[in-house]
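Chemist: return a 3D structure for these sequence lines:
(one chain, ligands or ions: 1)
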Amino acid sequence: MSARIIDGNALAQTVRNEVALRVRRLADRGVQTGLAVILVGDNPASAVYVRNKVKDCEEVGMVSTLDRLPADTSEATLLARIAALNANPQVHGILVQLPLPAHIDEHRVIEAISPAKDADGFHVSNVGLLMTGKPLFRPCTPYGVMKMLEHAGTPLEGAHAVVIGRSNIVGKPQALMLLAAGATVTICHSRTRDLASHTRRADVIVAAVGKAALLTADMVKPGATVIDVGMNRGADGKLCGDVDYAGVSQVAGAITPVPGGVGPMTRAMLLVNTIEAAERCVA
Ligand code: NAP
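Modeler: All right, here's what the predicted structure looks like:
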């Protein structure tokens with residue numbers, strides 16, 4: 001059996017088209033949706049991510065600003081910049097690209113962003129709202145995964161979902177979102193004993209680890225939905241996920257590829273978070 005491929009590129013395009021429509025509707029009411037992005041330093045991967053985010057904004061008609069600050073920017077300067085954006089009514093979403101240079105306290109920076117403009121959904125207020133079932137901003141990657149599961153028609157109520165990884169940006173919020181959707185959720189991590197004994201019982205597996213070929217065909221129940229969040233470089237230098245795609249796609253019912261899976265959806269969900277924030281301002 002060969003798994004159905006959940007095409008992240010195609011779904012992300014659909015999401016962007018929907019966002020573009022909502023941006024136009026707000027523009028008709030005199031509101032230009034705005035996202036402010038701050039990049040500190042010259043990490044090449046971060047520069048690519050930020051460029052793509054700005055490009056996505058252009059595609060859907062949002063106004064985006066990009067502050068490129070030098071690597072030796074002080075924490076005080078960055079916090080002052082964030083305070084100015086918090087106070088600017090034309091800015092609906094603020095994103096500070098992570099990681100930050102070592103001399104800047106990441107936690108303090110995230111907490112400085114207004115929870116009402118926290119487009120990444122990392123502020124503790126937004127984490128708490130997600131935890132208590134009243135989400136405002138949801139972290140983009142797990143939010144995108146939920147859209148993919150919905151699009152794939154994967155039943156979640158009563159399903160057993162296994163999330164591999166417990167980071168604050170992917171694993172934990174993913175588990176909360178699956179729980180809210182009615183799944184019975186197991187969270188696995190580096191200290192989990194016998195990972196395969198958990199994944200083999202799962203109807204849905206979300207792998208968010210950062211280790212190529214961590215999940216192999218013998219660890220997957222036939223027909224399960226497998227979502228690959230991981231982004232790794234294989235021995236051949238090519239981008240790959242955490243899932244042994246060739247093997248697992250012979251067993252799974254549905255699967256996301258890497259590239260072209262969760263990555264494009266993460267980008268698209270940043271736009272969704274931003275338009276939702278702008279719509280809340282005029283509601
Ligand atoms: P992270 O903070 O490094 O977390 C990785 C998690 O994997 C940790 O919870 C860790 O457990 C767990 N882990 C490590 N080795 C394991 C093993 N052998 N078995 C089971 N669990 C194991 O990473 P992250 O930020 O969550 O990102 C995870 C992956 O997703 C990375 O490859 C990242 O590049 C990718 N990612 C992709 C997107 C996208 O848009 N596609 C977005 C975000 C992240 P401990 O907690 O015990 O250490």
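Chemist: where does the stretch 1-150 of the chain get nearest to the ligand, residue-wise?
Modeler: Thr141 (4.1 Å; Cβ to the nearest ligand atom). For the C-beta atoms, the positions are set from N, CA and C on the backbone; glycine is no exception.
Chemist: tell me which element that residue falls in.
Modeler: Thr141 is part of helix 140-152, with elements assigned from DSSP states H and E.
Chemist: who are the packing partners of that helix?
Modeler: Helix 140-152 sits against helix 8-28, helix 171-180, strand 204-207, strand 225-228, helix 262-282, with contacts defined as 3 or more Cβ pairs under 8 Å, 6 or more residues apart in numbering; DSSP states H and E.
Chemist: angle of the last one against helix 8-28?
Modeler: Between the axis of helix 262-282 and that of helix 8-28 there is an angle of 20 degrees, by axes from the mean of the first three to the mean of the last three Cα atoms, to 10 degrees.
Chemist: would you mind listing what in the stretch 151-283 of the chain touches the ligand?
Modeler: Within the stretch 151-283 of the chain, the positions adjacent to the ligand are 164-167, 169-171, 188-192, 195, 208-211, 229-232, 262-263, 266 by Cβ under 6 Å from any ligand atom.
Chemist: repeat that for 8 Å
Modeler: 164-171, 188-192, 195, 208-211, 214, 229-232, 241-242, 258, 261-263, 265-267 (Cβ under 8 Å from any ligand atom).
Chemist: quick check: which ranges of this protein have low pLDDT?
Modeler: For the chain, the stretches flagged by pLDDT under 70 are 1.
Chemist: circling back to that earlier point, dump the helices and strands packed on helix 140-152 into JSON lines; add mean neighbour count and distance to Gln250 as well.
Modeler: Listed next are the helices and strands packed on helix 140-152 as JSON lines, based on neighbours: other Cβ atoms under 10 Å; distance: least, Cβ to Cβ, whole Å:
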{"stretch": "helix 8-28", "mean neighbour count": "17", "distance to Gln250": "20"}
{"stretch": "helix 171-180", "mean neighbour count": "22", "distance to Gln250": "25"}
{"stretch": "strand 204-207", "mean neighbour count": "29", "distance to Gln250": "15"}
{"stretch": "strand 225-228", "mean neighbour count": "29", "distance to Gln250": "11"}
{"stretch": "helix 262-282", "mean neighbour count": "22", "distance to Gln250": "21"}
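Chemist: for Lys134, find the nearest of these.
Modeler: helix 171-180 (10.1 Å; Cβ to Cβ).
Chemist: and the gap between the spatially closest residue to Pro264 that is not a sequence neighbour and Val60?
Modeler: Spatially, and ignoring its direct neighbours in sequence, Pro264 is nearest to Ala12 (3.8 Å; Cβ to Cβ, 6 or more residues apart in numbering). Look at Ala12 and Val60: by Cβ to Cβ, to the nearest Å, they are 11 Å apart.
Chemist: what does Arg166 give?
Modeler: Distance from Arg166 to Val60, by Cβ to Cβ: 32 Å.
Chemist: quick one, which of these two is more surrounded?
Modeler: Val60 (23 against 18; other Cβ atoms under 10 Å).
Chemist: that older thread, among the residues of the stretch 151-283 of the chain next to the ligand, name the buried ones.
Modeler: 164-167, 169-171, 188, 192, 195, 208-209, 214, 229-232, 241-242, 258, 261-263, 265-267 (16 or more other Cβ atoms under 10 Å).
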